[in-house]
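I would like to see how this sequence folds:
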Amino acid sequence: MSFNFKRMLKFEINIGTKEKKMRLYAGSALMFISLFIASVPLLLIGLVLVATGYSAWCPVYSGMEKSTVEAE
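Numbering: from 1, shown residues only. This next block holds a predicted model:
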């Protein structure tokens, strides 16, 4: 399995609706928890999950040529 760096730079939607919701909920929960326990790594992970969930694009998925978008 190889990682394609050129494909990683293309902003193609590769996150499906179910995973998008899971990323948004998990990311916001991690950010909320990080405020109370003052954990910077937890906050950063939460921010990445919310950002990838909101944009429906994951650079790691693009590099691995993976997609969870349901076929219409």
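
residue nearest the centroid of this protein?
With distances taken as Cα atoms, centre = their mean, Thr52 lies nearest the centre of the chain, 3.3 Å away.

longest helix in the protein, please.
Selection of the longest helix in the chain by residue count, based on DSSP state H, yields helix 17-37.

can you show me the CA trace of that helix as CSV?
What follows is helix 17-37, C-alpha atoms only, in CSV (Å, rounded to 0.1, in the frame of the first residue of the first chain):
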residue,chain,number,x,y,z
THR,A,17,-22.6,11.5,6.0
LYS,A,18,-22.5,9.0,8.8
GLU,A,19,-18.8,9.5,9.4
LYS,A,20,-19.2,13.2,9.1
LYS,A,21,-21.7,13.2,12.0
MET,A,22,-19.5,11.0,14.1
ARG,A,23,-16.5,13.2,13.5
LEU,A,24,-18.5,16.4,14.4
TYR,A,25,-20.0,14.8,17.6
ALA,A,26,-16.7,13.2,18.8
GLY,A,27,-14.7,16.3,18.0
SER,A,28,-17.0,18.7,19.8
ALA,A,29,-17.1,16.3,22.8
LEU,A,30,-13.3,16.2,23.0
MET,A,31,-13.1,20.0,22.7
PHE,A,32,-15.7,20.4,25.5
ILE,A,33,-13.9,17.9,27.8
SER,A,34,-10.5,19.5,27.1
LEU,A,35,-11.8,22.8,28.5
PHE,A,36,-12.3,21.2,31.9
ILE,A,37,-9.2,19.1,32.1
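
residues contacting it, please?
With contact meaning Cβ atoms under 8 Å, 6 or more residues apart in numbering, helix 17-37 is reached by 15, 39-40, 42-43, 45-54, 56, 68, 70. Every C-beta, even on glycine, is put in place using the N, C-alpha and C of the backbone.
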